[in-house]
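S.K.: give the three-dimensional model of this entry:
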Amino acid sequence: MKKRFKEEQIIMILNERESGLPLKELIRKYGICENTYYRWKFKYGGM
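M.R.: Numbering: from 1, shown residues only. Alright, predicted model coming up:
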């Protein structure tokens, strides 16, 4: 299965959320689902 986002991109997306971008806008901007966001946050949140 081909990954759509690289780890660096995922971390950048998580940082955007931490900087104040609302979750709904972030999901719409990158075309991901809410579950994907929370899975990434669990896996890459401490980086």
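
S.K.: okay, strands next: where are they in the chain?
M.R.: With DSSP state E as the definition, the chain shows no strands.

S.K.: tell me how many other residues crowd residue 20.
M.R.: By the measure other CB atoms under 10 Å, the count of residues near residue 20 is 6. Heads up, the C-betas are built off the backbone N, CA and C, glycines and all.

S.K.: any idea how far it is from residue 43?
M.R.: 22 Å (CB to CB, to the nearest Å).

S.K.: so where do the helices sit in the protein?
M.R.: 7-18, 23-30, 34-44 (DSSP state H).

S.K.: can you put the ones you listed in TSV and add mean neighbour count and mean pLDDT?
M.R.: What follows is the helices of the chain, written out as TSV (neighbours: other CB atoms under 10 Å; pLDDT from 0 to 100):
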stretch	mean neighbour count	mean pLDDT
helix 7-18	14	94
helix 23-30	12	95
helix 34-44	13	95
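
S.K.: need the contact list for residue 47.
M.R.: The neighbours of residue 47, taking CB atoms under 8 Å, 6 or more residues apart in numbering as the test, are residue 11.

S.K.: repeat for residue 10
M.R.: Per CB under 8 Å, 6+ apart, neighbours of residue 10: 40, 44.

S.K.: all numbers from here: first residue = 522
M.R.: I'll keep to 522 as the first residue from here, and by that count the last item is residue 531.
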